[in-house]
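S.K.: okay, sequence plus prediction incoming.
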Amino acid sequence: IFGGRQSDIKDQPWQAAINVFHARRKMHFHRCGGVLIDSCWVLSAAHCFEAKDKAEKLEVILGRTFRKENSSSEQIFKVEKYWMHEKFDNESFDNDIALLKLKTDIGICAINSPEVFPVCLPKPDLKLPSWTQCEISGYGREREFSAEYSERVKRGYVRLWPNERCVPGVLSGRLVTSNMLCAGDTRGLDDACKGDSGGPLVCQHNNSMTLMGVISWGDGCGQRDKPGVYTRVTNYISWINEKMKASPV
Ligand code: 4AZ
């Protein structure tokens, strides 16, 4: 997260860190953020994965404030299977969404606690007003060209941009589709950055924190008058439900 502030996982208990095992180096590395939406289900971005990434190499960490430090509140899971959206386009990042199913032998995966708790999904027709203030979070870079990801989870505040302003002209000419939404701070303060992808954009609605976006892409991080681009979660509610129904825990 560019800008923003250091946070505690209790303030974003749905935040996940997705790590990938590197065989040659015998270590896990941070790959992306994710969002806990149900005990055994984590949403992320499709561009975080490549066809060659085997589910067995993935690890999902919940409940950690410090990215590389063990904590008594953490819950770590292997991934049984994951799905990238069938229509994900690696050029435009259209349909940049993926769903991970956590591994369990007992029908329960994540257990709710102050540090681990699923976010609400919106109804498909939920439209929030332009400039609604929402929250982003993640363990990603604090500056576009930092060498390292953040050691600690951060959060930032961004506002939802009107669709009319979410156009190639403000994003270095890159295509923007109706499956994307823009959010940012016109002052170029808080923004998502590399390593935050797959993580949450949540907005308060009816007193629940509701997942409106999945961090997807942008032109750099925290540049003035350039929003971050997010996968528009309301467009994928049936996709998510179909995947979950087809693969019961
Ligand atoms: C990235 O590289 C990335 N400023 C994600 C989000 C943003 C920029 C880059 C938004 O994953």
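M.R.: Done, it's in.

S.K.: contacts and neighbour counts: CA atoms only from here.
M.R.: Fine.

S.K.: surely Lys81 is within a strand?
M.R.: Yes. With DSSP: H, G, I helix; E, B strand; the rest coil as the criterion, Lys81 is located in a strand.

S.K.: my guess is it meets Glu59, correct?
M.R.: No. Contact between Lys81 and Glu59 fails when scored by CA atoms under 8 Å: they sit 11.4 Å apart.

S.K.: so which of the two has more stuff around it?
M.R.: For Lys81 versus Glu59, neighbours defined as other CA atoms under 10 Å are more numerous around Glu59 (23 against 15).

S.K.: so who does the more buried one touch?
M.R.: Counting by CA atoms under 8 Å, 6 or more residues apart in numbering, Glu59 touches Ile18, Asn19, Val20, Phe21, Ile76, Phe77, Lys78, Val79.

S.K.: and with 10 Å instead?
M.R.: 16-21, 28-31, 76-79, 102-103 (CA atoms under 10 Å, 6 or more residues apart in numbering).

S.K.: ranges for the helices of the protein?
M.R.: 237-246 (DSSP state H).

S.K.: near the ligand, which residues of it show up?
M.R.: 191-197, 215-221, 228 (CA under 6 Å from any ligand atom).

S.K.: change it to 8 Å
M.R.: Residues of the chain found near the ligand (CA under 8 Å from any ligand atom) are 144, 191-197, 215-223, 226-229.

S.K.: what residues are shared contacts of Lys81 and Glu59?
M.R.: Residues touching both Lys81 and Glu59 (CA under 10 Å, 6+ apart): Leu102, Lys103.

S.K.: picking that back up, most neighbours among the contacts of Glu59, which one is it?
M.R.: Ala16 (32 neighbours).

S.K.: mind listing what the nearest residue to it once chain neighbours are set aside touches?
M.R.: Distance criterion CA to CA, 6 or more residues apart in numbering; nearest residue to Ala16, sequence neighbours excluded, is Gly34 at 4.6 Å. When contacts are counted by CA under 10 Å, 6+ apart, Gly34 touches 14-18, 41-45, 48, 60-62, 98-100, 137-138, 196-200, 214-215.

S.K.: and these, which of them are buried?
M.R.: Buried by 16 or more other CA atoms under 10 Å: 14-18, 41-45, 48, 60-62, 98-100, 137-138, 196-200, 214-215, out of the contacts of Gly34.

S.K.: filter the residues you listed down to the ones in strands?
M.R.: Mapping those onto strands (DSSP state E) picks out 15-18, 41-44, 60-62, 98-100, 137-138, 200, 214-215.

S.K.: ok, the residue nearest the centre of the chain - contacts?
M.R.: For the chain, the residue nearest the mean C-alpha position is Gly199 (1.5 Å; CA atoms, centre = their mean). Gly199 makes contact with 14-18, 32-36, 42-45, 136-140, 192, 211, 213-216, 230, according to CA under 10 Å, 6+ apart.

S.K.: repeat the analysis, applying 8 Å as the threshold.
M.R.: 15-16, 32-35, 44-45, 136-138, 214-215.

S.K.: of the residues you listed, just say which sits nearest to Gln204.
M.R.: Minimum separation from Gln204 among the contacts of Gly199 (CA to CA) is found for Ile136, which lies at 12.0 Å.

S.K.: burial count for that closest one?
M.R.: Neighbours around Ile136, by other CA under 10 Å: 28.
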